[in-house]
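can't give you the sequence, but here's the structure:
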């Protein structure tokens, strides 16, 4: 479906920008910026595809999916001051990407015969995996583990999509419902500053 | 065999607790604690399964293997002060998990047609891989590389299991012998403070 | 072809030495040195094989490919002061390894049915992947992202090999041309101190 491809490319683009910005802030060179952009944009899908055995990953064999993160990386390399000031806006677009990827990832895992719980987990992985790889390569603890409410909306969206499919709801409805659950939750987290709970008294351990 | 599954679940549980404790000490949020617990508990097997092409990994498709690390993560999140004080005890249980996983991993690799040396290496990987991923995600150099005698017992146990199988010894004997070699060696390392040798004069490099 | 295997083993050896030196400088124990040597020598090929679905990786099932990094690791552990002083020489040999791996990796990806662009990217990955994994495990941002001109020659060499193959040039010529492009570029970067561009004004972000 051309719409879905266009949405996916847009999602990869936004994810890749976030990867490029982290790379610029770590003072990586232009190649590091492009590679971090690519890893952030495509990494979550790669991890999912490796785990379900869908190799080579589809995005690796389609030049459009490779071109988008390179373009995003070069754009970030050239215009990072402007992009850096737009970070809140980028976060909002990023929430759309997350909503799309968690649902698309979960549905792909179901297609490959996985059960509902693994499929929901792989949907979440598709959404958050790129950011985790980005942070690993940039030498920082993944932000998704540090209070940022990011993984939970992705898991919830994936779960809704999986449950809907199990109940034989039409796929367009399932996709929409799952994506909306993730999106609304994530946007609320951004705008209200919601944080995931931290361990109590961990300093004393 | 139900006994083996129960043992594996117990091993995953202990590994997951160790992952959860690292996450708490890094002040990760509740999701980070659960995800680090899961990665530590299941990661070694995931890496092995990816390398031998056994995708999707079995543990990803069985809800029991997914439930255990979530439970361990939540338990660690809630009771980390008590668990932190029991660390020596946890290390002892962890040695049992290591002994079990190195043997089970090696035998699975043999089942998938790998030769004895790769199978022994993959057995070791099954035992130590989760901890390496845990440390990568937590932003520290893997402890298994820093003097802790942990990988060698796992390799030795896996090697014994592989050699026994090659000599057509009965599988129960092979499993037991391999696990005991790993367990005794690891427990001696814990209680006698054995360390792997470090490079001489490396500070001067 | 025995010559190719010998060249590959030599390349793995040099890569493994570079991994061992990083491990020694991080004061890892003897096991950490061997494992980092092995990861650096074989890791790029592992990542490529996982992504193209060629599991288990060939190098994991052939004892010669496993023996070489262990030997390199032990050698580095024992003689790191001497090896550390030879670092420039090692860098030159490393350039030969890079040239060989980027071409061999790209051709293998073509063999597995990937298109020219993904194959060139996987050739680059084969060349640089081991060093990236080495740096991740050693807890530092990959040097390949930090100005060192290393990935670009690998991508160029892989691209030449892929293009030559697409144009039905004889494989020996394709291999030679791709490897020479990578080698000359990389050696020039070493001897003239070429650096990849960094983002402008990134400190102000």
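Received it, and whenever you're ready, just let me know what you need. Predicted model, so just to flag it, every value in this text is computed and none were measured.

Per-residue pLDDT of residue A:146, please?
The predicted structure scores residue A:146 at 85 on the pLDDT scale.

Surely it and residue B:31 touch.
No: in terms of Cβ atoms under 8 Å, residue A:146 does not count as a neighbour of residue B:31; the distance is 9.6 Å. The C-beta positions use only the backbone N, C-alpha and C, and glycine is treated the same way.

who has more neighbours, the two?
The residue with the greater number of neighbours, taking residue A:146 and residue B:31 and applying other Cβ atoms under 10 Å in any protein chain shown, is residue B:31; the counts read 24 against 19.

near chain C, which residues of chain A show up?
Where chain A comes near chain C, counting by Cβ under 8 Å from any Cβ of the partner chain, the residues are A:21, A:23-33, A:35-36, A:46, A:50, A:53, A:55-57, A:60-61, A:63, A:66, A:77, A:80-81, A:84, A:136-139.

could you redo the last one with a cut-off of 6 Å?
A:24-25, A:27-32, A:50, A:55-56, A:60-61, A:63, A:77, A:80, A:84, A:139 (Cβ under 6 Å from any Cβ of the partner chain).

so where do the helices sit in chain A?
Along chain A, the segments classed as helices by DSSP state H run A:2-25, A:30-52, A:63-85, A:87-111, A:116-137, A:151-166, A:171-192.

tell me how far the fourth one is from the chain's mean position?
Relative to the chain's own centre, helix A:87-111 is displaced by 5 Å; criterion: Cα atoms, centre = their mean, to the nearest Å.

what's that helix in contact with?
Under the criterion Cβ atoms under 6 Å, 6 or more residues apart in numbering or on different chains, residues A:7, A:11, A:14-15, A:17-18, A:48, A:52, A:119-120, A:122-124, A:126-127, A:154, A:157-158, A:161-162, A:165, A:175, A:178-179, A:182-183, A:186-187, A:190 lie in contact with helix A:87-111.

Just the buried residues of it, please?
Using 16 or more other Cβ atoms under 10 Å in any protein chain shown as the burial criterion, the residues of helix A:87-111 that qualify are A:90-110.

ok, how many other residues are close to residue A:37?
As a burial measure, the neighbour count of residue A:37 was computed by other Cβ under 10 Å and equals 33.

What sits closest to it if chain neighbours are left out?
Residue nearest to residue A:37 in three dimensions, not counting chain neighbours: residue A:73, with 3.4 Å by Cβ to Cβ, 6 or more residues apart in numbering or on different chains.

wait, what's in contact with that neighbour?
Counting by Cβ under 6 Å, 6+ apart, residue A:73 makes contact with A:20, A:33, A:34, A:37.

quick one, what contacts the first one?
Spelled out, it's residue A:20. Residues near residue A:20 by Cβ under 6 Å, 6+ apart: A:33, A:37, A:73, A:76.

To what extent is residue A:51 buried, counted in neighbours?
When neighbours are counted by other Cβ under 10 Å, residue A:51 registers 23.

how near is it to residue B:46?
As for residue A:51, its distance to residue B:46 is 7 Å (criterion: Cβ to Cβ, to the nearest Å).

Residue A:177 against residue A:162, yeah?
No: counting by Cβ atoms under 6 Å, residue A:177 sits too far from residue A:162 to count as a contact (11.1 Å).

For the two, indicate the residue with more neighbours.
Between residue A:177 and residue A:162, counted using other Cβ under 10 Å, the more crowded position is residue A:162 (27 against 17).

my read: that one touches residue A:121, true?
No: the pair residue A:162 / residue A:121 is not scored as a contact, 9.7 Å apart, by Cβ under 6 Å.

Residue A:17: what's it in contact with?
By Cβ under 6 Å, 6+ apart, residue A:17 lies in contact with A:72, A:76, A:90.

Apply 10 Å and report the result again.
The neighbourhood of residue A:17, defined by Cβ atoms under 10 Å, 6 or more residues apart in numbering or on different chains, consists of A:37, A:40-41, A:69, A:72-73, A:75-76, A:79-80, A:83, A:86-87, A:90, A:93-94, A:97.

if we can go back for a sec, list buried residues within the residues of chain A next to chain C.
If you count burial by 16+ other Cβ under 10 Å, the buried members of the residues of chain A next to chain C come out as A:24-25, A:27-32, A:50, A:55-56, A:60-61, A:77, A:80, A:84, A:139.

Below-threshold pLDDT in chain A: ranges please.
Within chain A, the stretches falling below the threshold (pLDDT under 70) are A:1-2, A:202-205.

could you measure the spatially most central residue of it against residue A:47, distance?
Note on chain A: the residue nearest the mean C-alpha position is residue A:127, at 3.2 Å, using Cα atoms, centre = their mean. Separation of residue A:127 from residue A:47 (Cβ to Cβ) stands at 11 Å.

same deal with residue A:170?
Noted for residue A:170: a distance of 29 Å to residue A:47, by Cβ to Cβ.

Look at the two and report which has more neighbours.
A count of neighbours by other Cβ under 10 Å puts residue A:47 above the other of residue A:170 and residue A:47, at 20 against 10.

Apart from its neighbours in sequence, what residue is nearest that one?
Spatial nearest neighbour of residue A:47, excluding adjacent residues (Cβ to Cβ, 6+ apart): residue A:129 at 4.3 Å.

ok, the closest residue to residue A:38 other than its chain neighbours - how many residues close by?
Setting aside the residues directly before and after it, residue A:38 is nearest to residue A:69 in space (Cβ to Cβ, 6+ apart), at 4.0 Å. Other residues lying near residue A:69 total 29 when counted by other Cβ under 10 Å.

Now do the contacts for residue A:69.
The contact partners of residue A:69, taken as Cβ under 10 Å, 6+ apart, are A:9, A:12-13, A:15-17, A:19-20, A:34-43, A:59, A:130.

if you set the cut-off to 7 Å instead, what comes out?
Applying Cβ atoms under 7 Å, 6 or more residues apart in numbering or on different chains, we find residue A:69 in contact with A:12, A:16, A:37, A:38, A:41, A:42.

Among those residues, which one lies nearest to chain B?
Nearest to chain B, judged by Cβ to the nearest Cβ, of these is residue A:42 at 17.5 Å.

right, and the closest one touches residue A:59 too?
Yes: between residue A:42 and residue A:59 there is a contact under Cβ atoms under 7 Å: 5.2 Å.

between those two, what contacts are shared?
Common contact partners of residue A:42 and residue A:59 (Cβ under 7 Å, 6+ apart): residue A:65.

More neighbours: which of the two?
With other Cβ under 10 Å as the criterion, residue A:42 and residue A:59 differ in neighbour count, and residue A:42 comes out ahead with 25 against 22.

From residue A:106, how far off is that one?
Using Cβ to Cβ, residue A:42 is found at 18 Å from residue A:106.

for residue A:152, same thing?
With distances defined as Cβ to Cβ, the gap from residue A:152 to residue A:106 amounts to 15 Å.

same thing with residue A:57?
For residue A:57, the distance to residue A:106 under the criterion Cβ to Cβ works out to 16 Å.

Find the nearest non-adjacent residue to residue A:20, please.
According to Cβ to Cβ, 6+ apart, the nearest residue to residue A:20 is residue A:76 (2.9 Å).

so what's the one you found up against?
By Cβ under 7 Å, 6+ apart, the contact list for residue A:76 reads A:17, A:20, A:21, A:24, A:33, A:37, A:83.

Thought residue A:22 was touching the fifth one, still the case?
Right, residue A:33. No: using Cβ under 7 Å, residue A:33 and residue A:22 do not qualify as a contacting pair, with a distance of 9.2 Å.

between these two, who's got more neighbours?
Under the criterion of other Cβ under 10 Å, the comparison of residue A:33 against residue A:22 puts residue A:33 first, with 32 against 23.

How many residues are close by the closest residue to the more buried one other than its chain neighbours?
Distances taken as Cβ to Cβ, 6+ apart place residue A:23 nearest to residue A:33, at 4.3 Å, with adjacent residues excluded. When neighbours are counted by other Cβ under 10 Å, residue A:23 registers 32.
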